[in-house]
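Engineer: Sharing a model prediction with you, sequence too.
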Amino acid sequence: MNDQAIKLFSLNTSRDFGERVAKHLGIALSPHEERDFEDGEHKTRPLVNVRGQDVFVIQSLYGEPSASVNDKLCRLLFFIGALKDASAERVTAVVPYLCYARKDRKTKSRDPITTRYIAQLFEAVKCDRLVTLDVHNLAAFQNAFRCPTEHLEGKNIFVQHFAPLVHNDETVVVSPDFGGIKRAEAFRQALNNKLQRDIPMAFAEKYRSAGVVSGELIVGEIQGRIAIIIDDLISSGTTLARTAKACHQQGALKVYAAASHGVFAKTSERILATPELDQIVITNTIAPFRLMEGTVKNKLTILDTTPLFAETIRRLHSGGSLVELLASP
């Protein structure tokens, strides 16, 4: 790759992730400055010439002790604005985890539609394209943005992990709720293609009222099978734990859970310690910093998405096909 024709930046809180992406691309991260002021304000700027360049900026937008999600978002937006003011030809925001993607509709009167506001902020600083992985609601995400977006999927990464685990064993793919059926079906089809056999699917009932999740019914054949629960993210872990228990009660031999983003809210460590859940698989879009050493961390597997993001950047820069990339096993 010609490192004179592309510039790759990673803001400090996503530095490790960015360095992995850069290594896969065979280039170095471009230098930048992030300066904090005593009053809480900050300044971020590139330290190299970006005039006429194809620029990519990596920043995963989740909150952690060193930086809130809003601070990360603000820094990314300001940096994109600075790059455009410095005459970058094109700026692509590479956001492994996109914040506020779950607030995509009104659930109560006068509710905000924060996903749309986030899109407007990126458009306001003249972001040319946004790349992310497995958003909560794909239709809402695609309709919120007027600038081009690229939605990557983690299903093939999960297939590479689970295919040797289940091999010839009787298996079933489980959606933890009706809304996740399309996501689970996409994974099921990819796993079918990898294993060259037909794997059935099931889904769990789910009701949410005043923040309380309920529902124990599983629709589908679970008895005597390895169940793989597929979801987009893990927050409190209530949905996964409830589904795992229901699968176990229906006679599942083992229960695995896979989700692209491991948010892991404070209560998740207690909830996910349930013995009915044998393995939890996430990707590295969010660092699982909230998990302490113990039961949950011992059954946690983290899969690397940086090769996928690197190849996406390579193809966006060179004009390659992302359709072929996402379709590949």
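Structural biologist: Looks like it came in fine. These figures come from a predicted structure and were not determined experimentally.
Engineer: I'd like to know how far the residue of the chain most remote from its centre sits from Leu11.
Structural biologist: Of all residues in the chain, the one whose C-alpha sits farthest from the chain's mean C-alpha position, using C-alpha atoms, centre = their mean, is Glu38 at 33.3 Å. As judged by C-beta to C-beta, to the nearest Å, Glu38 and Leu11 stand 21 Å apart. For glycine as for every other residue, the C-beta is placed from the backbone atoms N, C-alpha and C.
Engineer: Could you list the low-pLDDT ranges of the chain?
Structural biologist: Scanning the chain for pLDDT under 70 picks out 1-4, 206-216, 328-329.
Engineer: let's see it at 50
Structural biologist: In the prediction, the chain carries residues with pLDDT under 50 at positions 1-3, 209-210, 214.
Engineer: So which residues of it form helices?
Structural biologist: Counting by DSSP state H, residue ranges of the helices within the chain are 15-25, 69-85, 114-124, 138-144, 155-166, 181-195, 238-249, 268-271, 295-298, 306-318, 322-327.
Engineer: Dihedrals phi and psi, the closest residue to Thr285 other than its chain neighbours?
Structural biologist: Using C-beta to C-beta, 6 or more residues apart in numbering and skipping residues adjacent in sequence, the residue nearest Thr285 is Pro96, 3.8 Å away. Here is the backbone geometry of Pro96 (degrees, to the nearest 10): phi -50, psi -40.
Engineer: My read is that Pro96 contacts Ser60, right?
Structural biologist: Yes - counting by C-beta atoms under 8 Å, Pro96 sits close enough to Ser60 to count as a contact (4.3 Å).
Engineer: Name the residues contacting each of these two.
Structural biologist: Counting by C-beta atoms under 8 Å, 6 or more residues apart in numbering, the shared contacts of Pro96 and Ser60 are Ser14, Phe17, Thr285, Ile286.
Engineer: quick one: which of these has the most company?
Structural biologist: Neighbour counts for these were taken using other C-beta atoms under 10 Å; the highest belongs to Thr285, with 28 neighbours.
Engineer: Phe37 versus that one, what's the distance?
Structural biologist: Per C-beta to C-beta, Thr285 is found 30 Å from Phe37.
Engineer: and what of Gly26?
Structural biologist: For Gly26, the distance to Phe37 equals 36 Å [C-beta to C-beta].
Engineer: and what of Ile80?
Structural biologist: In this structure, Ile80 lies at 20 Å from Phe37, with C-beta to C-beta as the measure.
Engineer: of those two, who's got more company?
Structural biologist: Residue environment comparison for Ile80 versus Phe37 gives the larger neighbour count to Ile80, 27 against 8, counting by other C-beta under 10 Å.
Engineer: which residues touch the more buried one?
Structural biologist: Under the criterion of C-beta under 8 Å, 6+ apart, the contact partners of Ile80 comprise Val57, Val91, Ala93, Phe122, Val125, Lys126, Cys127.
Engineer: Go again with 7 Å.
Structural biologist: Ile80 makes contacts with Val57, Val91, Ala93, Val125, Cys127, as judged by C-beta atoms under 7 Å, 6 or more residues apart in numbering.
Engineer: Report the separation between the closest residue to Phe162 other than its chain neighbours and Glu89.
Structural biologist: Nearest residue to Phe162 in three dimensions, chain neighbours excluded: Ile228, at 6.0 Å (C-beta to C-beta, 6+ apart). In this structure, Ile228 and Glu89 are 43 Å apart, going by C-beta to C-beta.
Engineer: Near the residue nearest to Val173 when sequence neighbours are not counted, how many other residues are there?
Structural biologist: Counting by C-beta to C-beta, 6+ apart, Arg188 is the residue found nearest to Val173 once chain neighbours are left out, at 4.2 Å. Here the neighbour count serves as a burial measure; for Arg188 (other C-beta under 10 Å) it reads 24.
Engineer: coming back round to it: from memory the residue nearest to Thr285 sits against Thr283, does it?
Structural biologist: No - proximity of Pro96 to Thr283 does not meet the contact threshold set by C-beta atoms under 7 Å, at 8.0 Å.
Engineer: what about those two, which has more around it?
Structural biologist: Here Pro96 and Thr283 are compared on neighbour count by other C-beta under 10 Å; more neighbours surround Pro96, at 27 against 24.
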